[in-house]
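Q: Just the structure for this:
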Amino acid sequence: MLGATRRLARRWGRFGITTRLMVGHTVLLVVVIGAIVWQSDRVITGRLERALNVELADEVTEYRSAAASRPPDESLATFSRAYLESHPPGRNLLLVLGTRAAPALTSPRSAFLTGAAPVRRWIAHPPGEATLVTYATASGTYRMLGAPVHLDGRHVVTFVAAADLTSLNPDRNEQLAIAALEGLGALVAAVAGGYYLLRRVLRTVNRVTEAAREARGGDFAHRLSYGGPDDEVGRLARTMDDMLAQLDASFTAHRQLLANVSHQLRTPLTVALGHLEVLARAESAGAAEQSETVALVIDELAQMSLMVQRVLLLGQALEPDFLLEEEVELPALLEEVFDAARVMAPRKWSLGPVPDLQVRVDRSKLRGALLNIVDNAVKATSETDAIALTATLGTDLVLEVADTGRGIPAAEQAAVFDRFRRSPTSRYTGSGLGLAIAKAVAEGHHGEIALSSAPGRGTTVRIVLPAGRVRRAPRALPAPNAKP
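A: Next comes the predicted model:
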């Protein structure tokens with residue numbers, strides 16, 4: 001049995017999901033509609049039987065009224081016989097009148113009922129009130145009503161009205177056929193609508209599958225461009241497009257990063273290798289020349305080491321656990337940055353007022369980002385220029401480094417945060433990664449970095465962090481703390 005079940009499951013699994021869902025959907029609808037038709041049959045049958053019960057009770061009421069108003073000189077037996085003969089029954093209705101003292105009187109085609117057990121019992125022992133029973137005979141199943149008839153306060157006869165339940169079948173079958181046709185129409189409409197909706201949904205799912213297959217092959221340019229409603233399928237398609245766009249941007253950035261790194265490392269490696277080869281070929285190189293060559297090679301290797309560290313940091317910025325957040329006292333952090341910045345070069349340094357806040361950030365990475373910004377400010381200024389570090393809390397927390405240096409031309413500002421980007425007007429060389437790292441750190445904190453500058457009027461770089469990272473409301477601001 002278990003083996004047969006497994007074979008059936010394997011065969012079922014060979015069908016496509018559309019077929020399986022449609023078969024399951026259809027079976028479910030058939031069961032539901034079948035249950036509805038079955039319940040409708042019960043309701044229809046019950047309603048028809050209640051109507052029949054009322055009709056039987058009406059026959060008793062009609063006979064009682066007619067018997068009570070018969071002529072005074074007419075006996076009850078004569079009246080009853082004439083009543084049964086002149087009162088043709090409807091809906092296959094059968095009537096029996098009987099007493100214990102006289103043979104029972106019957107309407108046409110009703111004589112066989114006198115042998116039925118309920119009829120004999122009612123005639124022999126008249127019921128105290130109208131009683132309904134269902135009785136099966138060789139000729140069919142009947143609904144019988146036995147009721148006593150009282151005239152002038154005494155029991156005179158037992159009245160039995162019966163109807164063949166098969167007489168209900170035409171009406172029952174007609175109404176049941178209507179319900180079945182309505183159910184069939186609903187089934188066809190539901191299956192057709194379900195098939196249409198399923199094909200529509202699976203068409204989008206197939207497109208998602210195809211896009212995923214192409215992405216697995218390295219092609220991230222494909223987009224679904226779903227234009228339907230914003231339902232579950234629409235959100236799936238748009239999420240897929242967003243994921244493909246992010247993957248495309250990520251892989252493009254990785255390829256560009258590898259290309260830039262290989263280009264940037266090639267120069268110092270070539271320089272170092274060239275000097276070492278010259279030193280190796282020089283048979284009479286003096287100690288001073290050897291020392292100069294070694295110093296140059298060490299400097300180039302140090303630059304490469306710094307660049308590798310920064311490239312690794314940029315690579316880590318793409319990881320979900322890039323930040324190691326902790327509760328940091330903002331004044332202490334900016335004091336530390338300011339003390340490290342002042343030893344970089346002689347400038348007019350100042351630390352503005354800092355709100356007494358506690359923020360949740362990655363201390364080392366935020367410190368490094370601020371020092372990278374300060375390093376760029378140092379390179380863009382001279383000894384007579386000023387560099388200020390400030391922090392303000394408004395809608396967001398803003399950490400700002402402002403200098404009075406030469407500024408950045410408008411045409412170059414859009415690209416200053418790109419990797420390995422150096423200003424063509426700069427007199428200094430570097431890795432071109434400082435501001436790119438600062439941007440990655442700001443975005444890693446769900447913030448942003450912004451720059452405003454003008455030639456000859458200095459540059460201001462701001463790291464904007466969400467106010468949600470502030471863990472303690474600011475107290476009264478301290479007096480400005482300017483440090484020369």
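Q: What about the closest residue to P331 other than its chain neighbours, how many residues nearby?
A: Nearest non-adjacent residue to P331, counting by Cβ to Cβ, 6 or more residues apart in numbering: V354, 4.7 Å away. C-beta: built from backbone N, CA, C; applies to glycine. Neighbour count for V354, taken as other Cβ atoms under 10 Å: 25.
Q: likewise A35?
A: The burial count for A35: 11, using other Cβ under 10 Å.
Q: The one 4 residues further on now?
A: Using other Cβ under 10 Å, Q39 has 11 neighbouring residues.
Q: Could you check how far it is from G183?
A: Look at Q39 and G183: by Cβ to Cβ, to the nearest Å, they are 11 Å apart.
Q: repeat for R47
A: Distance of R47 to G183, computed by Cβ to Cβ: 18 Å.
Q: So for the closest residue to A117 other than its chain neighbours, what's the pLDDT?
A: In this structure, A117 finds its nearest non-sequential neighbour in Y135, 7.3 Å apart by Cβ to Cβ, 6+ apart. Predicted confidence (pLDDT) for Y135: 87.
Q: bridging residues for Y135?
A: Y142 (DSSP bridges).
Q: thought it was touching T141?
A: Yes - counting by Cβ atoms under 8 Å, Y135 does reach T141; the two are 7.2 Å apart.
Q: the more surrounded of these two?
A: Set Y135 next to T141 and count neighbours by other Cβ under 10 Å: Y135 wins out with 15 against 11.
Q: For the more buried one, list the residues it contacts.
A: Residues in contact with Y135 (Cβ atoms under 8 Å, 6 or more residues apart in numbering) are 116-118, 141-142, 144, 162.
Q: Narrow those to just the buried residues.
A: Buried positions within those, assessed by neighbour count (16 or more other Cβ atoms under 10 Å), are 116, 118, 142, 144, 162.
Q: Next, format those as a markdown table and append distance to A388 and pLDDT.
A: What follows is these, written out as a markdown table (distance: Cβ to Cβ, whole Å; pLDDT from 0 to 100):
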| residue | distance to A388 | pLDDT |
| --- | --- | --- |
| A116 | 114 | 86 |
| P118 | 111 | 89 |
| Y142 | 108 | 86 |
| M144 | 109 | 88 |
| A162 | 110 | 87 |
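Q: What number of residues are in the vicinity of A377?
A: There are 27 residues near A377, going by other Cβ under 10 Å.
Q: just the strands in the stretch 101-250 of the chain please.
A: Assigned by DSSP state E, counting those that start in this stretch, the strands in the stretch 101-250 of the chain fall at 102-106, 131-137, 140-151, 154-164.
Q: so which of those is the most packed in?
A: Most buried of the strands of the stretch 101-250 of the chain, by mean neighbour count (mean count of other Cβ atoms under 10 Å): strand 154-164, with a mean of 21.
Q: which strands and helices sit next to it?
A: Under the contact definition 3 or more Cβ pairs under 8 Å, 6 or more residues apart in numbering; DSSP states H and E, strand 154-164 sits against helix 17-68, helix 76-86, strand 93-99, helix 117-124, strand 140-151.
Q: got a list of contacts for it?
A: 52, 55-56, 59-60, 63-64, 67, 76, 80, 91-99, 110, 113, 119, 122-123, 126-127, 135, 139-150.
Q: how far out from the middle of the chain is it?
A: Relative to the chain's own centre, strand 154-164 is displaced by 69 Å; criterion: Cα atoms, centre = their mean, to the nearest Å.
Q: repeat for stretch 223-239
A: That offset, for stretch 223-239, works out to 12 Å (Cα atoms, centre = their mean).
Q: One more: stretch 69-81?
A: The answer for stretch 69-81 is 82 Å, by Cα atoms, centre = their mean.
Q: CA atoms only for that stretch, dumped as CSV, please.
A: The C-alpha trace of stretch 69-81 is given here as CSV (Å, rounded to 0.1, in the frame of the first residue of the first chain):
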residue,chain,number,x,y,z
SER,A,69,-72.5,22.3,8.7
ARG,A,70,-74.2,19.3,7.1
PRO,A,71,-78.1,19.3,7.0
PRO,A,72,-79.7,18.2,10.3
ASP,A,73,-81.5,15.3,8.7
GLU,A,74,-78.3,13.9,7.1
SER,A,75,-76.5,11.2,9.0
LEU,A,76,-72.7,11.5,9.4
ALA,A,77,-72.2,8.2,7.5
THR,A,78,-74.2,9.3,4.5
PHE,A,79,-72.5,12.7,4.5
SER,A,80,-69.1,11.1,4.8
ARG,A,81,-69.7,8.7,2.0
